[in-house]
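1. dropping the sequence and predicted coords here.
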Amino acid sequence: MSGHEANTQPRALPPSLALTGRVALVTGASRGIGRAIAKLLAQRGASVAVNYAAREDAARELCDEIVAEGGAARPYGFDVADAAAVEAGVQRIAAELGGLHILVNNAGISIDALLMRASAADFQRVLDVNLKGAFFCAKAAARQLLKAKADGRIINISSVIGEQGNAGQAMYAAAKAGMLGLTRSLAREFASRGVTVNAVTPGFFETDMTAASVQGEAREALLKQIPLGRIGRPEEVAEAVAYLAAPAAAYITGQVLAINGGLRM
């Protein structure tokens, strides 16, 4: 059974990077980049709400792993595309974990198709999860984040595809580009209370989604486009998110941090 345990500041971690006493919600945290983010935030001292939509077993396994390592985590199942479910989920998190300081909007899906073959239903679903989901979560978390003041953080996980586009991914690109506009607007809204809002745009990383769509010759062709010559590791995105969530990043807001190995400069 997953639980929530008392957390202490990690040893040898500068106070400017520690997240002791903070509560973090990471959406879509049962696998891939979200999983890596949840683990690292817990290692930095945060109590982590591990959100999932369907993979309850994976979310509970992650929470058990975090607790076994001395961290604090609980699983919370709700669909970020459902505004009412998000509101109820955030209220429960705040009540059970003692507020909310950090929101990481990571949940996302990609339905790839050339424009002529793309359906309205598919486009709606991509927007619902990627863009509307981030909007719903930010709205539901707003009161808690504003109470947190200078400890409040929103970090949106967009994509290099939202910056440069990609053939066959118009729906995904539109949703992820929308997240960047949302980031900058919320940064302006929340700045007067000290709450920062930033985005991270990962390139290609070793996740289930990448493994399914980038194989064989396509993978080799992709590697040739990346100056650093490799696909990234989810932990490398997690490091950037943990920094943006930390006290050290209190003067950074409305920014987009690209983590793509030089794919887009």
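-> Yep, it's here. Numbers count the residues shown, from 1 in each chain.

2. next, count neighbours for Ala199.
-> Ala199 has 28 neighbours, counted by other C-beta atoms under 10 Å. (C-beta placed from N, C-alpha, C; glycine too.)

3. do Gly181 as well
-> 12.

4. again with Lys139
-> For Lys139, the number of neighbouring residues by other C-beta under 10 Å comes to 14.

5. tell me which element it falls in.
-> Assigned by DSSP states H and E, Lys139 belongs to helix 133-148.

6. can you show me the CA trace of that helix as PDB?
-> Provided in PDB are the C-alpha atoms of helix 133-148 (Å, rounded to 0.1, in the frame of the first residue of the first chain):
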ATOM      1  CA  GLY A 133      -5.700  19.700 -19.000                       C
ATOM      2  CA  ALA A 134      -3.000  22.200 -18.200                       C
ATOM      3  CA  PHE A 135      -5.500  25.000 -18.000                       C
ATOM      4  CA  PHE A 136      -7.900  23.000 -15.800                       C
ATOM      5  CA  CYS A 137      -5.100  22.000 -13.400                       C
ATOM      6  CA  ALA A 138      -3.700  25.600 -13.200                       C
ATOM      7  CA  LYS A 139      -7.200  26.900 -12.500                       C
ATOM      8  CA  ALA A 140      -7.900  24.300  -9.800                       C
ATOM      9  CA  ALA A 141      -4.500  24.900  -8.200                       C
ATOM     10  CA  ALA A 142      -4.500  28.700  -8.400                       C
ATOM     11  CA  ARG A 143      -5.800  29.400  -4.800                       C
ATOM     12  CA  GLN A 144      -3.300  27.100  -3.200                       C
ATOM     13  CA  LEU A 145      -0.400  28.400  -5.300                       C
ATOM     14  CA  LEU A 146      -1.300  32.000  -4.500                       C
ATOM     15  CA  LYS A 147      -1.300  31.100  -0.800                       C
ATOM     16  CA  ALA A 148       2.100  29.600  -1.300                       C
END
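
7. for that helix, which outside residues touch it?
-> Outside helix 133-148, the residues within contact range by C-beta atoms under 8 Å, 6 or more residues apart in numbering are 25, 27, 80-83, 86-87, 89-91, 94, 99-101, 103, 105, 107-108, 152-154, 156, 179, 182, 186, 190, 193, 195.

8. buried ones in it, by neighbour count?
-> Gly133, Ala134, Phe135, Phe136, Cys137, Ala138, Ala140, Ala141, Ala142, Gln144, Leu145, Ala148 (16 or more other C-beta atoms under 10 Å).

9. find me the pLDDT at Met265, would you?
-> Met265 is assigned a pLDDT of 92 by the prediction.

10. can you name every helix or strand that the helix or strand hosting Ala240 contacts?
-> Assessed by DSSP H and E, Ala240 sits inside helix 234-245. Here helix 234-245 touches helix 32-43, strand 102-105, strand 153-157, strand 196-202, strand 256-259, going by 3 or more C-beta pairs under 8 Å, 6 or more residues apart in numbering; DSSP states H and E.
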